[in-house]
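*Asks:* Requesting a structural model of the entry that follows:
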Amino acid sequence: AKVRQLPAQQQQQPQPQQPPSPQPAAMSDANAVLNSLTGPSAYFFGYIGAASALVFANLGSAYGTAKSGVGLLSMGVMNPDLVMKNIIPVVMAGILGIYGLIVAVLLGSGISAVKLSEDSLNVCPGGECFQYADGFKALASGLCCGISGLGAGMAIGIVGDAGVRAVGQQEKLYVGMILILIFAEALGLYGLIVALVLSQ
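*Replies:* I've put the predicted structure just below:
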């Protein structure tokens, strides 16, 4: 008896594959919203804000220290006893660098690392990614502190240079010089306060 052979197409029929379970619409929408709120630019603005706070504040501090230091040493040639009394501008200029350091450390520590889920590289679980709003806040905070410190340092340097030279000739001008330096230093303090508020 001859065995009837079925065609090859009828012998091996492929098993139908189960379609993948569709992701719930609500979850996909939530992931799309989270992904639209973060990206590489968010981290860029955050780190630029931290760098700006430190760099600009140090520029102002360096200028104020150098400018007032030159005047202080020039005055000290004729009046060496007044050098320690008139070193206040140098100290006040150095404080501006500390303002920038504080803000830069706070901003840098507030930038969270990227946390990716196992099944998708585009999802931030729980919305824990560093978002664009956080990056913009960090940039504004760093610029407030840094540029305010730069302006305050320039003011302290110019006033300190002329002030210590004048005090070397007339000591009664010392109180007036200190008051001017206090108001110049307050400019950097204003930037620090706003930077701390924005960094929260």
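
*Asks:* okay, CA-based contacts and neighbour counts for the rest of this
*Replies:* Fine.

*Asks:* which ones are touching residue 138?
*Replies:* Residues near residue 138 by CA atoms under 8 Å, 6 or more residues apart in numbering: 45-47, 49-50, 107, 198-199.

*Asks:* center of the protein, which residue is that?
*Replies:* residue 50 (2.0 Å; CA atoms, centre = their mean).

*Asks:* separation between that one and residue 61?
*Replies:* 17 Å (CA to CA, to the nearest Å).

*Asks:* Over to residue 91?
*Replies:* 10 Å.

*Asks:* go on, residue 178?
*Replies:* For residue 178 relative to residue 61 (CA to CA), the value is 17 Å.

*Asks:* wait, doesn't residue 48 sit right on residue 137?
*Replies:* No: with contact defined as CA atoms under 8 Å, residue 48 does not reach residue 137; the gap is 11.1 Å.

*Asks:* returning to that earlier point: close enough to count as contact, the residue nearest to the centre of the chain and residue 99?
*Replies:* No: judged on CA under 8 Å, residue 50 makes no contact with residue 99 at a distance of 11.9 Å.

*Asks:* For residue 40, grab the count of nearby residues.
*Replies:* Residue 40 has 11 neighbours, counted by other CA atoms under 10 Å.

*Asks:* I'd like to check which residues are in contact with it.
*Replies:* Residue 40 touches nothing, counting by CA under 8 Å, 6+ apart.

*Asks:* Tell me the pLDDT of it.
*Replies:* Model confidence at residue 40, given as pLDDT, is 77.

*Asks:* on that earlier part again, export the contacts of residue 138 to TSV and tack on pLDDT and distance to residue 77?
*Replies:* Formatted as TSV, the contacts of residue 138 follow (pLDDT from 0 to 100; distance: CA to CA, whole Å):
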residue	pLDDT	distance to residue 77
45	91	48
46	91	47
47	92	45
49	94	42
50	94	41
107	93	44
198	91	46
199	87	46
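
*Asks:* so where's this protein uncertain?
*Replies:* Along the chain, segments meeting pLDDT under 70 span 1-36, 113-128.

*Asks:* Show me the helices in the chain, by range?
*Replies:* 8-11, 25-36, 40-78, 88-110, 132-169, 174-198 (DSSP state H).

*Asks:* Need the winner for burial among the ones you listed.
*Replies:* helix 132-169 (a mean of 25; mean count of other CA atoms under 10 Å).

*Asks:* Distance from the chain centre to that helix, please.
*Replies:* From the chain centre to the centre of helix 132-169 is a distance of 16 Å (CA atoms, centre = their mean, to the nearest Å).

*Asks:* quick one, that helix and helix 174-198 angle?
*Replies:* Interaxial angle, helix 132-169 versus helix 174-198 (axes from the mean of the first three to the mean of the last three CA atoms, to 10 degrees): 170 degrees.

*Asks:* okay, the angle between helix 132-169 and helix 40-78?
*Replies:* Using the same axes, to 10 degrees: helix 132-169 against helix 40-78 is 10 degrees.
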